[in-house]
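**Q** Kindly return the folded structure for what I paste below:
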Amino acid sequence: MRLRQFTLPVGFGLLGVVPALVLLAFDRYLFVLGVVSTSCLAALCGTAVWAGAAGPTPTRQRGALVGALATLTGGLLAGPVLAVPVVVTDGAAAPGAVLEALALVTMATGLAGLATAPFAAVLGVVVATRPSLGLPRSTRPVRWVVRLSPPATTYRQLGAVVCVLTLACLGCGVVQYADVTTPTVGDAPTDAGADAPAAEQVAQAQARTRSVSYTATVTQAAYGPNGSREGTPQSFVFEHDRQNDRVRVVTSGAFGSSSSLWTEDGIWHWRGNDTTPDPNELRVDRRTLLPSERFGVVAVTDAPARVVDRTASNVTVRYPTPASRTGEPHPYPGNRTVTIDRETGRLVAIETVRVEPDGRVAVERISFERYGETTVERPDTPIRPFRLHVLDLLQGPLNGETPLHS
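**A** All right, here's what the predicted structure looks like:
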């Protein structure tokens, strides 16, 4: 027995590193675990398929086919293995989420197997034409694998199943990566009217607001028990461009300003409020893309609402408890006031007053403007890192996670 006779297991093991790249989209530390597990799986699977299907003296053509079949099979089997750390890292606990993660990760690892199939075919040809590189037949483990290997007809059936699954992964991958979906613009419910229940008016005003492009300006200030302002007010400007499916957020406060841009393929940050920053100043966010409303404004809360004022132009709705900009209730006393435009049925302003235990008062004012006129230009961005391309496969139309404005 010589070391070169382990060329096949080692070669398949090296090719097995490629499916583990899926874990780079979630956690770099798990990538090491993925490399070890998928490499061992690929070496074992490749050796078993070769020992059972290649035969004692394979031809070049048979060596290429069996080598490609071995790595395709290993790629598909790596999906369930890698789905476990993905589910644990991503926090998916519901059965539906687990099955979704299993299907999407298997699709990605299947495509990885397809990408490495040509290299596995070359490996099969090299081993087929050089008998000295073949498996060490004198060792017990290999004789055990050969003795228990199914007949050739079973491997033909395996090849057919693997080809069908690989083609399915390829089709799903094209749909996910290309992401031909577009945000819906102008699709909003009809105006509820000033006489509708207060909660219904706020819900429909929020839906009508999100149906078009708009700009929301958030100003946060704090006041002491004696009414004097404390600290430096902080402001956020959210520009939602539904037509181009982009969101720009400009944050200003005591430490200057910074900007963030959410696009359909990444999140970018830079200092200052320049709309055309230098590409070298942009840094990409490692977080997973989330719907843009997560970074916008939520008007609806679970608290009971009532109409407190009606004028010729506006309707004012008040909640007896305060809530954050994204709709989460605060544990402290206060209130939230929502102003709705009677003509358009869209949000005009939201004011939240919160009284802290020490007597300080926090006031957050949100104003809405530039309906249908807000546009967000995309500056030149650096080359996207590899992990974002992997996320393109895992976040797409098939699992309903795009576009940003859904």
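
**Q** how about stretch 228-235: buried residues?
**A** 234-235 (16 or more other CB atoms under 10 Å). The way it works is simple: take the backbone N, C-alpha and C, and place the C-beta from them, glycine included.

**Q** I meant stretch 107-119, not that one.
**A** 107-114, 116-117, 119.

**Q** Before we move on, what's the pLDDT of G400?
**A** Listed pLDDT for G400 reads 69.

**Q** same question, G46
**A** G46 is given a pLDDT of 88.

**Q** Assumed it was part of a helix.
**A** Yes - G46 sits within a helix when classified using DSSP: H, G, I helix; E, B strand; the rest coil.

**Q** Determine the number of other residues adjacent to it.
**A** G46 has 28 neighbours, counted by other CB atoms under 10 Å.

**Q** Not counting sequence-adjacent ones, nearest residue to it?
**A** F12 (3.0 Å; CB to CB, 6 or more residues apart in numbering).

**Q** packing partners for the helix or strand where the one you found lies?
**A** Taking DSSP states H and E as the criterion, the element that holds F12 is helix 7-15. Secondary-structure packing of helix 7-15 (3 or more CB pairs under 8 Å, 6 or more residues apart in numbering; DSSP states H and E): helix 28-53, helix 60-90, helix 95-129.

**Q** what's the angle from that helix to helix 60-90?
**A** With axes from the mean of the first three to the mean of the last three CA atoms, to 10 degrees defining the directions, helix 7-15 sits at 40 degrees from helix 60-90.

**Q** Can you give me the buried ones in helix 7-15?
**A** 7-9, 11-13, 15.

**Q** Then stretch 300-307?
**A** Buried, per 16+ other CB under 10 Å, within stretch 300-307: 300-301, 305, 307.

**Q** cool, and stretch 354-374?
**A** 354-355, 361-366, 368, 371, 374.

**Q** so where do the helices sit in the protein?
**A** With helices called from DSSP state H, the chain shows them at 7-15, 28-53, 60-90, 95-129, 140-148, 152-178, 198-210, 386-394.

**Q** Which members of the buried residues of stretch 354-374 are positioned in strands?
**A** 354-355, 361-366, 368 (DSSP state E).

**Q** And the furthest pair within these?
**A** For these, the farthest-apart pair by CB to CB is V355 and F368; their separation is 25.4 Å.

**Q** What about V17? Give its phi and psi, please.
**A** Phi and psi for V17, reported as degrees, to the nearest 10, are phi -70, psi -30.

**Q** what sits against it?
**A** 35, 38-39 (CB atoms under 8 Å, 6 or more residues apart in numbering).

**Q** and if you look at T209?
**A** T209 neighbours (CB under 8 Å, 6+ apart): 299, 346-347, 368, 371.

**Q** how far out from the middle of the chain is stretch 323-338?
**A** 29 Å (CA atoms, centre = their mean, to the nearest Å).

**Q** Can you point out the buried residues in that stretch?
**A** Within stretch 323-338, judged by 16+ other CB under 10 Å, the buried ones are 323, 325, 330, 334-338.

**Q** which of those residues lies closest to H269?
**A** For the buried residues of stretch 323-338, the nearest to H269 is R325 (19.3 Å; CB to CB).

**Q** what about that closest one, distance to R384?
**A** Distance, R325 to R384, by CB to CB, to the nearest Å: 29 Å.

**Q** Please apply the same query to V49.
**A** From V49 to R384 the distance is 35 Å (CB to CB).

**Q** quick one, which of these two is more surrounded?
**A** V49 (26 against 14).

**Q** gap between that one and L72?
**A** V49 is 9 Å from L72, by CB to CB.

**Q** again, but for P329
**A** Counting by CB to CB, the gap from P329 to L72 is 52 Å.

**Q** next one: D195
**A** 64 Å.

**Q** Which residue of these two possesses the greater neighbour count?
**A** A side-by-side neighbour count of D195 and L72, using other CB under 10 Å, places L72 first with 26 against 9.

**Q** Give me the domain ranges for this protein.
**A** Annotated domains of the chain cover 3-178, 198-251+287-380 [automatic domain parsing].

**Q** Between these, which one is closest to S259.
**A** domain 198-251+287-380 (5.1 Å).

**Q** distance between the ends of that closest one?
**A** The first residue of domain 198-251+287-380 is 45 Å away from its last residue (CA to CA, to the nearest Å).
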